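Asks: any chance you can model this:
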Amino acid sequence: MFVNRKNERARLERALADEKPQLIVVYGRRRCGKSTLLREVLPQNSIYFSADMREKPLQIMALANQIGEMIPGFSKPVYPDWESLLNSLNRNLQKRITLCLDEFPYLVKNSPELPSVIQRIIDEKGHENYNLILCGSSQQMMYGLAIDGSSPLYGRSDEIIRVKPMNIHHLREYLQIPSMEVIAEYGIWGGVPRYWELRKQSVHFEDAVRRHLLDQNGVLYEEPERLFSDEMRTSVQAFSVLSLIGAGCHRMSEIAGRLGKPATQLSRLLGFLNDLGYIRREIPFGESIRSTKKSLYKIDDPFLNFYFTFLLPNKSRLDFGLTDLVWDDIAGQYDGYLSLLWEDLCRNCVPFLEVEGTRFNPAERWWGNGLDGKPMELDIVAESTDHKILLIGEAKWSERISPKEINASLNQKWLNLPFKKPRKVVKAVFSKVPAGIPHPELKQFGPEEVVTRYA
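Replies: Take a look at the predicted model:
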């Protein structure tokens, strides 16, 4: 079942229909469906080649053999390098086709000269008869090869498409389940389509988690190790950083102290993990990202968050086959884990809501000292797009809530906010279950609205 990717698909189809030969770069995290997307979009007269770890001459031979299925006799000559193969392909074509080189970083690893070869071909208009798609899962390498200003291919791409994990409402569409259930599912599988496929192989949620994550032979048992080894040379340090964040270290000073390193040595790695979407830097609403000293680092990917929260601390027990004990521990803590995910989902849906005819900018959390000098925090704070209204809210994952008490609490916090300014306030509660009789001063949103509006 192919879900979403409408924008990516439209951009690819539009590019491939262009009169000018195209250079298209597609990249993104592994298992996010890049290859599936390309196979959905590629015209019938296309050559799709998935590279591997073989040496350069064997890769050239393999691609020549694949081209030979379209162009009889193409594989008979021995091509000494990539330039001779690509130039020969252009000469032998009678009409334009599309050549897709998937797992492009594997080719570059054994042929570092390949990006410069492609640059020369493009500059000399040596690919008039084929579009070229370069695709890869190593986001760091793909960025360095095609997007970074120092790259040979910089400025030559006609399309650059980053395929990101999908959102929660697409998971609901895929699994065909109610909003409450999809929140629990999203807390583990996140937005990665391959994980969704694995989930769908089992009838029950628990069976899927046991089979793919808790069993030491499960497909996803060592997924983060593979993810980081594909992505970066500093994979050990990245794995260590996420393990510490998962264990509750959210400040750079804490993380650095546990690693025995100066905090200045971590800023680049944390920035890179943030760019990849694995972590996020959280600052209080209204603070300057450049000057604030209140930054917290959180794992931003649900799958990795689940892994580093529950699986890594229990690896020894899982290696001994104590799956039942680990599952019982997870089941006992999972509702609390989902309450934090619920807060994230509620904040993320705010820009897609319309409250009293008003739209709001992205929401953030706020924490700090109130006007009375005492610490307090708000789950959700967002400013209207016209800067005239402030939305403040709470995200409640409890089965029982009191709108009256929440409204009174928000009123008290509003009066105590140090940044409130003279503007209108809208108060909201995002609740796991319907709150009963609506409170006249409190806007209420439930899982159905949060999941469907999260885009």
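Asks: rest of the way, CA atoms for contacts and neighbours
Replies: Fine.
Asks: strands of the chain, start to end?
Replies: Across the chain, reading from the start of the chain, the strands by DSSP state E fall at 23-27, 46-50, 97-102, 130-136, 159-162, 279-282, 296-299, 354-355, 358-359, 364-369, 375-383, 389-396, 424-431, 442-445.
Asks: what does the fourth one contact?
Replies: To tie it back to what came earlier, the one meant is strand 130-136. When contacts are defined by CA atoms under 8 Å, 6 or more residues apart in numbering, strand 130-136 is touched by residues 16, 21-28, 34, 90, 96-105, 142.
Asks: for it, which strands pair with it and how are they oriented?
Replies: strand 23-27 (parallel), strand 97-102 (parallel) (DSSP bridges).
Asks: what about the nearest residue to residue 35 once chain neighbours are set aside, how many neighbours?
Replies: Excluding the flanking residues, the one nearest residue 35 by CA to CA, 6 or more residues apart in numbering is residue 102, at 7.4 Å. Number of residues near residue 102 (other CA atoms under 10 Å) recorded here: 23.
Asks: for residue 102, give me its contacts.
Replies: The contact partners of residue 102, by CA under 8 Å, 6+ apart, come to 35, 48, 49, 50, 51, 133, 134, 135, 136.
Asks: how near is the residue lying closest to residue 352 once chain neighbours are set aside to residue 414?
Replies: Sequence neighbours aside, residue 453 is the residue nearest to residue 352 in space, at 5.7 Å (criterion: CA to CA, 6+ apart). As judged by CA to CA, to the nearest Å, residue 453 and residue 414 stand 26 Å apart.
Asks: for this structure, longest helix please?
Replies: The single longest helix within the chain, with elements called by DSSP state H, is helix 323-349.
Asks: just the buried positions in that one, please.
Replies: Under the neighbour-count criterion of 16 or more other CA atoms under 10 Å, helix 323-349 has 323, 326-327, 330, 334, 337-339, 341-349 buried.
Asks: dump the strands paired with strand 130-136 to TSV, plus mean pLDDT and distance to residue 419.
Replies: What follows is the strands paired with strand 130-136, written out as TSV (pLDDT from 0 to 100; distance: least, CA to CA, whole Å):
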stretch	mean pLDDT	distance to residue 419
strand 23-27	95	41
strand 97-102	97	51
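Asks: and stretch 182-197, what's its mean pLDDT?
Replies: Mean per-residue pLDDT for stretch 182-197: 96.
Asks: run the chain-centre distance for that stretch.
Replies: Stretch 182-197 has its average C-alpha position 12 Å from the chain's average C-alpha position, going by CA atoms, centre = their mean, to the nearest Å.
Asks: ditto for stretch 199-214
Replies: When C-alpha coordinates are averaged (CA atoms, centre = their mean), stretch 199-214 and its chain have centres 22 Å apart.
Asks: could you give the bridge partners of residue 282?
Replies: residue 296.
Asks: that one contacts residue 295, doesn't it?
Replies: Yes - using CA atoms under 8 Å, residue 282 makes contact with residue 295 at a distance of 5.6 Å.
Asks: how's this structure carved up into domains?
Replies: Under the assignment automatic domain parsing, the domains of the chain span 6-162, 170-340, 348-453.
Asks: so what's the gap between the longest one and the chain middle?
Replies: Here domain 170-340 shows a centroid-to-chain-centroid distance of 12 Å under the convention CA atoms, centre = their mean.
Asks: what of the last one?
Replies: Using CA atoms, centre = their mean, we find the averaged C-alpha position of domain 348-453 to lie 26 Å away from the chain's own average C-alpha position.
Asks: could you list the low-pLDDT ranges of the stretch 301-450 of the chain?
Replies: For the stretch 301-450 of the chain, the stretches flagged by pLDDT under 70 are 434-437.
Asks: so which residue is smack in the middle of the protein?
Replies: Among the residues of the chain, residue 165 comes closest to the average C-alpha position under CA atoms, centre = their mean, at 4.2 Å.
Asks: mind listing what the closest residue to it other than its chain neighbours touches?
Replies: The shortest distance from residue 165 to any residue that is not its chain neighbour, by CA to CA, 6+ apart, is 4.5 Å, and that residue is residue 191. The neighbours of residue 191, taking CA under 8 Å, 6+ apart as the test, are 32, 165, 166, 167, 168, 171, 302.
Asks: how about 10 Å then?
Replies: By CA atoms under 10 Å, 6 or more residues apart in numbering, the contact list for residue 191 reads 32, 164, 165, 166, 167, 168, 169, 170, 171, 301, 302, 303.
Asks: pretty sure residue 120 contacts residue 86?
Replies: No - under the criterion of CA atoms under 10 Å, residue 120 makes no contact with residue 86, lying 11.3 Å away.
Asks: between these two, which one's more packed in?
Replies: Higher neighbour count among residue 120 and residue 86: residue 86, with 20 against 15, using other CA under 10 Å.
Asks: residues in contact with that one?
Replies: Applying CA under 10 Å, 6+ apart as the definition, the contact partners of residue 86 turn out to be 60, 64, 79, 99, 117, 118, 121, 126, 127, 130.
Asks: before we move on, back to that, pull up the overlap in contacts between residue 282 and residue 295.
Replies: 250, 289.
Asks: and residue 141, what pLDDT?
Replies: Looking at residue 141, its pLDDT stands at 80.
Asks: excluding its backbone neighbours, what's nearest it?
Replies: In this structure, residue 141 finds its nearest non-sequential neighbour in residue 105, 6.7 Å apart by CA to CA, 6+ apart.
Asks: surely the one you found meets residue 25?
Replies: No - between residue 105 and residue 25 there is no contact under CA under 10 Å: 11.9 Å.
Asks: overlap in contacts of those two?
Replies: Common neighbours of residue 105 and residue 25 are listed as 134, 135, 136, 142, 145 (criterion: CA under 10 Å, 6+ apart).
Asks: just confirm the fourth one contacts residue 154, I think it does.
Replies: Put plainly, it is residue 142. No - using CA under 10 Å, residue 142 is not in contact with residue 154, being 11.3 Å away.
Asks: which of these two has more residues huddled nearby?
Replies: Neighbour count, other CA under 10 Å: between residue 142 and residue 154, residue 142 has more, with 23 against 15.
Asks: show the contacting residues for the more buried one.
Replies: The neighbourhood of residue 142, defined by CA under 10 Å, 6+ apart, consists of 25-28, 103-105, 134-136, 148, 151, 231.
Asks: got TSV for the contacts of residue 191, with distance to residue 70 too?
Replies: Converted to TSV, the contacts of residue 191 look like this (distance: CA to CA, whole Å):
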residue	distance to residue 70
32	29
164	33
165	34
166	35
167	39
168	41
169	41
170	37
171	38
301	42
302	43
303	41
